[in-house]
Every structure is written in structure tokens, then in C-alpha cells.
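Visitor: Next come a sequence and a model predicted from it.
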Amino acid sequence: MPQLNPAPWFAILVFSWLVFIIVIPSKVTAHTFPKTPSTQTTIKQKPESWVWPWY
């Protein structure tokens, strides 16, 4: 029964965790956003009243 042989599954487990620990974080941290966030003003604007078309 091959599923009871731990040798290939342990190697797959180790290599997959190495990919998760080494490769993926470097790709995530190298990600750049297309636009830099802009600062918003702290002044609150007065909301406009709604225009109801049926009145």
C-alpha cells in the first residue's frame, strides 16, 4: 500500500513548506501598487440635498 510509505510525502511536505516560507513572501513583499494613496482633507463637506424627480 503506497500511501503508508512516508518517504515521498514527507519530501513533498518539506518542499512545499520551503516554497511557502522562502519564495512566496519575497513575491508578496516585492509587489508594488499601481497608484500611491493620496492624503484626504480633514474638512467635512456639507452633504447636498436630494433632488426628487417626482416632486
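Guide: Ah, there it is. Numbers count the residues shown, from 1 in each chain.
Visitor: Spell out, range by range, the helices that occur in this structure.
Guide: With helices called from DSSP state H, the chain shows them at 6-18, 24-29.
Visitor: quick one: average confidence on the first one?
Guide: Averaged over helix 6-18, pLDDT sits at 85.
Visitor: hmm, back to that, any chance of the helices of the chain in a markdown table with distance to residue 48 and mean neighbour count as columns?
Guide: Glycine gets a C-beta too; all of them are placed from N, C-alpha and C. Listed next are the helices of the chain as a markdown table, based on distance: least, Cβ to Cβ, whole Å; neighbours: other Cβ atoms under 10 Å:
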| stretch | distance to residue 48 | mean neighbour count |
| --- | --- | --- |
| helix 6-18 | 55 | 10 |
| helix 24-29 | 42 | 8 |
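Visitor: can you redo the ones you listed as a markdown table with distance to residue 42?
Guide: As requested, the helices of the chain are exported to a markdown table (distance: least, Cβ to Cβ, whole Å):
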| stretch | distance to residue 42 |
| --- | --- |
| helix 6-18 | 46 |
| helix 24-29 | 31 |
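Visitor: The spatially most central residue of the chain and residue 21: what is the separation?
Guide: With distances taken as Cα atoms, centre = their mean, residue 28 lies nearest the centre of the chain, 8.2 Å away. To residue 21, residue 28 is 12 Å away according to Cβ to Cβ, to the nearest Å.
Visitor: Overlap of the contact sets of those two?
Guide: Here residue 28 and residue 21 share no contacting residue, scored by Cβ atoms under 8 Å, 6 or more residues apart in numbering.
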